[in-house]
Structure formats: C-alpha cells, structure tokens
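# Sharing a model that was predicted from the sequence below.
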Amino acid sequence: MHHSIEVEKLSYAYPDGHAALREVSLSIQPDEKVALVGPNGAGKSTLLLHLNGILSGEGTVRVCDVDASKGNLGRLRAMVGLVFQSPEDQLFSPKVYDDVAFGPLYQGLSPEEVQARVGEALEVVRMSGYEERVSHHLSMGEKKRIAIATVLSMKPEVLVLDEPTAGLDPRARRSLINFLRDLPMTMLVSTHDMLMVRELFPRMIIMDEGHIVADGATEALMGDAALLEAHGLEVPCI
C-alpha cells in the first residue's frame, strides 16, 4: 500500500544524550490530515524534522516511498513542505516575492516558471498582490501565510506544520483554519490548539516522552479525558 508518510521504529537522541524519540512508528495515507499533539518535550518537533532530513535517527523514514537518506535529501525536501512555528525562521528576504521564489530558484527552474510558481502559491494562500511587500512589516497571520507559500511554491506532496496557530489573534486563527481545511493535501500538524484539532483533523496522534501513546479517531481520543490529562492535554471546552 502506498503511504504519504511511513515511519518505522524511529529513535533519536540529541548530542547531550536526551532521547527525544523512542521507536516511533506511524503511517499516513495520501490526502489524510493528521494532528500530532502532546506536552512540550514530547518529541513532536523532533519527529517533524526527520521528515525532510534535517535530523536523521535510527530507524526508517519514507515519504512517498522515498527513503529519508542522505542521497535523497534534495528529492525529500521538494516533497515535504515543512513550515516552522516561527515565520521568522522561514522569511529572510527583503521582499515577499524573493522568499516565495527561493525554493523554485533552488530547484533550477526558469525565471518564467519561478514567477508562475510564486503567483500560484500566493494565490493559494490568498496573498496575491503582496509580491513587493516587505515580509517583516506584515502581521503575524500574513507572515504565516507567506511562510506556507514558500513551501507550496515547490509543489510538495506533503505539508508539515509546527504550531501553525501559535501567536495568531482570533480572526487570523480562524482564517488559517479555514485555509488548511480547504487545502487538498496530505498534512501532519503539530499543535497545542485542541479546538483546531477537534474541528479540522479526523485523526490524532498523541506523543509523550518520545513515544506514541495513542493513535486513533480524534472524536474517540477527545472523549477519553483520563488519557488526555495523563499526557498534559486538556479537553476543549467547546
């Protein structure tokens, strides 16, 4: 069976000896939208960084049947659009156009194709007309959308987001949730926003201390208050 993401017995320890991942296994189907939740230090961000080869641990990671090995890093990073929690880690050019064009230029595309990719990505995130704007003068919600555009311009197979609603006001948060709902892509999203999880993700994976402790239908896991409390999570009030 074809999987968009397949992880088998992945373990990783940081140089200081801290074991961040302990034999993590999961698979995600094409077009599936999955939430990754758990307390700080559970290993969520560490797992995400393995999906495009920024980190490499013991075990197997495959994206669209491509192994996350050193020889495949170029292909892997084109397939996995990783959006960091802080847009400041993703936006570093003077203008929005340059940030969104960076990936396609790195892929060696022609100037005409790069321009088309930038226009298409900005249209998808509903930021058309922002090409000449200065990224660092934008609101947090606008920066988050531009950060997503920087990976969509590379036409990835999988979108991976780390805390996408962090730092957003209610209007920007609602706008981003609606945008993610309408985006027809395989998606793995690490978040503490349990209301968003309930609304947007049919499946939820709970991590704690480097392990996957639960993986199932969001509705069922949300109904287990003892499970959520045991792993530092709160049942959404609404």
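Arrived safely. Numbering: from 1, shown residues only.

# rest of the way, CA atoms for contacts and neighbours
OK.

# Can you report phi and psi for D162?
phi -110, psi 110 (degrees, to the nearest 10).

# Just give me the neighbour total for it.
21 (other C-alpha atoms under 10 Å).

# what helix or strand does E8 sit in?
Taking DSSP states H and E as the definition, E8 sits inside strand 5-13.

# Moving C-terminal from the worst-scoring helix or strand of the chain on mean pLDDT, which element do we reach first?
Lowest on mean pLDDT, DSSP states H and E among the helices and strands of the chain sits helix 73-79, with a mean of 85. Downstream of helix 73-79, the first helix or strand assigned by DSSP H and E is strand 80-83.

# Tell me which strands that next one pairs with, and in which orientation.
Paired strands of strand 80-83, with direction, are strand 158-162 (parallel) (DSSP bridges).

# Would you mind listing the outside residues contacting the strand it pairs with?
Applying C-alpha atoms under 8 Å, 6 or more residues apart in numbering, the external contacts of strand 158-162 come out as 4, 45, 48, 79-85, 185-191.

# For the protein, which segments count as helices?
44-50, 73-79, 96-106, 111-124, 140-152, 170-182, 194-200, 218-222, 225-230 (DSSP state H).

# just those: most buried one?
With neighbours taken as mean count of other C-alpha atoms under 10 Å, the helices of the chain reach their highest mean count in helix 140-152, at a mean of 25.

# hang on, the earlier thing: parallel or antiparallel, list what pairs with the strand holding E8.
Short version: by DSSP bridges, strand 5-13 pairs with strand 19-28 (antiparallel), strand 58-63 (antiparallel).

# How far away from the center of its chain is the least confident helix or strand of the chain?
15 Å (C-alpha atoms, centre = their mean, to the nearest Å).

# likewise stretch 214-225?
Taking mean C-alpha positions (C-alpha atoms, centre = their mean), stretch 214-225 and its chain are 21 Å apart.

# Then stretch 71-79?
With C-alpha atoms, centre = their mean, you get 16 Å for stretch 71-79.

# So which residues make contact with that stretch?
Applying C-alpha under 8 Å, 6+ apart, the set of residues contacting stretch 71-79 is L51, N52, G53, V63, V66, A68, M154, K155, P156, E157, V158.

# mind checking pLDDT for H2?
H2 is assigned 66 on the pLDDT scale.

# ok so, going back, most tightly surrounded among the strands paired with strand 5-13?
Most buried among the strands paired with strand 5-13, given mean count of other C-alpha under 10 Å as the contact rule, is strand 58-63, at a mean of 20.

# And the average pLDDT for that one is what?
Strand 58-63 comes out at a mean pLDDT of 93.

# what does stretch 92-106 give?
93.

# Residues in contact with that stretch: which ones?
Against stretch 92-106 from outside (C-alpha under 8 Å, 6+ apart): 91, 111, 114-115, 117-118, 121, 130-135, 146-147, 149-151, 153-154.

# again, only this time at 7 Å
Identification of contacts with stretch 92-106 by C-alpha atoms under 7 Å, 6 or more residues apart in numbering yields 91, 114, 118, 130-135, 149-150, 153-154.

# A13: which of those residues is nearest?
L91 (28.8 Å; C-alpha to C-alpha).

# what residues are up against the closest one?
L91 neighbours (C-alpha under 7 Å, 6+ apart): D99, S135, A147.

# which residues touch the second one?
It refers to S135. Going by C-alpha under 7 Å, 6+ apart, S135 touches L91, P94, K95, V96, K143.

# Save those residues as JSON lines, and put in distance to E209 too.
Output for those, formatted as JSON lines (distance: C-alpha to C-alpha, whole Å):
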{"residue": "L91", "distance to E209": "31"}
{"residue": "P94", "distance to E209": "40"}
{"residue": "K95", "distance to E209": "40"}
{"residue": "V96", "distance to E209": "38"}
{"residue": "K143", "distance to E209": "31"}
